[in-house]
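> prediction below, plus the sequence it came from.
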Amino acid sequence: MSQVFSKELETGIVREAVGVFDSVKGLEAAIDELESSGFERRQISVLGSEGAVKDTFGKANLTAGQLEDNPETPRSHDIRREELGVGQGVVVGGGAFAGILIAAAISGVSVISGGLVTTIALGAVGGTAVGALVAKFLGEKYVHFFEHQIQNGGLLLWVVTPDVASEKQAKQILLNHNAKDVHVHTIPVYVDKD
């Protein structure tokens, strides 16, 4: 366990810097600067899914102001654009691979012939198209999720700040990337007893 959290677990409370962003670009830039400044990824969280918010509060349409200081607000680790891009690449590549396997199975030939090469190529194109559609759907899902948060007041970002120096640093980083309503709060820590 990181020493960053040992004090919080002992006292049962955590201090966090909080900021609200009007754009995904600003949020991602703040996260990048926080990480490059020595904050651990597990110190940084964003709002959980709409489903998690609905499960917790009985509705998903809550404003950033209603969620930012509530200790029950579901949190999630950041999903970066490049990670989503990798996920999309896997989906598209997986679709192409599946198309190749299906084409080979349909042809039933164990020796590669000219016709089989054409069949495999067509299968790869079809599989890639299916994979691209799935990736587009996943990308649109995240775009919708972020747009919905922005319409409800903004994208939330929390940073665990175990001391005054890290509070000051985190707040400045959030402000550097145009966060609004930047402040520090204290909330209870919930520890899973697995």
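Looks like it came in fine.
> sketch out the low-pLDDT regions of the protein for me.
Scanning the chain for pLDDT under 70 picks out 1-11, 77-143, 190-194.
> what ranges do the strands span in it?
Under the criterion DSSP state E, strands of the chain are mapped to 13-21, 44-47, 75-76, 155-160, 180-188.
> quick one, the first one and strand 180-188 angle?
Direction vectors for strand 13-21 and strand 180-188, defined by axes from the mean of the first three to the mean of the last three Cα atoms, to 10 degrees, enclose an angle of 160 degrees.
> tell me which strands strand 13-21 pairs with, and in which orientation.
With DSSP bridges as the test, strand 13-21 is paired with strand 155-160 (antiparallel), strand 180-188 (antiparallel).
> can I get the strands of the chain in a markdown table including mean neighbour count and distance to residue 59?
To be clear about C-beta, it is placed using only N, CA and C from the backbone, and glycine gets the same treatment. Converted to a markdown table, the strands of the chain look like this (neighbours: other Cβ atoms under 10 Å; distance: least, Cβ to Cβ, whole Å):
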| stretch | mean neighbour count | distance to residue 59 |
| --- | --- | --- |
| strand 13-21 | 23 | 20 |
| strand 44-47 | 20 | 14 |
| strand 75-76 | 12 | 18 |
| strand 155-160 | 24 | 17 |
| strand 180-188 | 15 | 21 |
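> make JSON lines from those strands and add distance to residue 171 to it.
Putting the strands of the chain into JSON lines (distance: least, Cβ to Cβ, whole Å) gives the following:
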{"stretch": "strand 13-21", "distance to residue 171": "5"}
{"stretch": "strand 44-47", "distance to residue 171": "14"}
{"stretch": "strand 75-76", "distance to residue 171": "19"}
{"stretch": "strand 155-160", "distance to residue 171": "9"}
{"stretch": "strand 180-188", "distance to residue 171": "5"}
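> of those, which is nearest residue 60?
In terms of Cβ to Cβ, the element of the strands of the chain nearest to residue 60 is strand 44-47, at 10.6 Å.
> as CSV, the strands paired with strand 13-21 with distance to residue 149 would be great.
Output for the strands paired with strand 13-21, formatted as CSV (distance: least, Cβ to Cβ, whole Å):
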stretch, distance to residue 149
strand 155-160, 5
strand 180-188, 14
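> out of those strands, which gets nearest to residue 57?
Closest approach to residue 57 among these (Cβ to Cβ): strand 155-160, 14.1 Å.
> could I have the CA atoms of that closest one written out in CSV?
Extracted in CSV, the C-alpha atoms of strand 155-160 (Å, rounded to 0.1, in the frame of the first residue of the first chain):
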residue,chain,number,x,y,z
LEU,A,155,-16.5,17.1,-15.9
LEU,A,156,-15.5,16.3,-12.3
LEU,A,157,-11.9,15.6,-11.2
TRP,A,158,-10.8,14.7,-7.7
VAL,A,159,-7.2,14.5,-6.5
VAL,A,160,-6.2,13.0,-3.1
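> which residues touch that strand?
When contacts are defined by Cβ atoms under 8 Å, 6 or more residues apart in numbering, strand 155-160 is touched by residues 4-5, 8, 14-24, 27, 30-31, 34, 39, 42-47, 64, 67-68, 73, 75, 146, 149, 170, 174, 179.
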